[in-house]
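**Q** For reference, the sequence and a predicted model appear below.
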Amino acid sequence: MSEISRADVEHLATLAHIAMTDAELEKMTSELAVIVDSVKRVQEAAGADVPATSHPLPLTNVFRDDVVGHAFTAEEALANAPEAEDSRFKVPAILNEDDDAVTANTPQEGGAR
């Protein structure tokens, strides 16, 4: 068992401004002792011959060289487009000019909305 005493727990509770009953102090003393013992066991397992790691598996970057490849011209890109206009894809309009959402945000005479 660890060297955590009830007095240690009382002192920590006072420093943390936590009011604890006698039953809570007893329970916390035994729980903290188990935690400290568990940490000690983990520290024993990692000796000087065990390298520190941040991940269980070795990681490598998967970056590749940035090589310029074939780039489509505007004509090639638009060759199979259903509609094109001014060297751009033409898509159907989704907002109408009489739509309330559009006209509500349009400034009116005198700058009022």
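**A** Right, received. Where do you want to start? Note that the structure is a prediction, hence the values are computed from the model and not measured.

**Q** Quick check: Thr60 vs Ala71, distance?
**A** Separation of Thr60 from Ala71 (CB to CB, to the nearest Å): 30 Å. In this view, the C-beta of every residue, glycine as well, is placed from N, C-alpha and C.

**Q** Distance of Ala77 relative to Met28?
**A** In this structure, Ala77 and Met28 are 68 Å apart, going by CB to CB.

**Q** Please tell me how far Ser87 sits from Ala13.
**A** For Ser87, the distance to Ala13 equals 73 Å [CB to CB].

**Q** more neighbours, the two?
**A** The neighbour comparison of Ser87 against Ala13 (other CB atoms under 10 Å) goes to Ala13, with 15 against 10.

**Q** who's in contact with that one?
**A** By CB atoms under 8 Å, 6 or more residues apart in numbering, the contact set of Ala13 is Ala19, Met20, Leu25, Met28.
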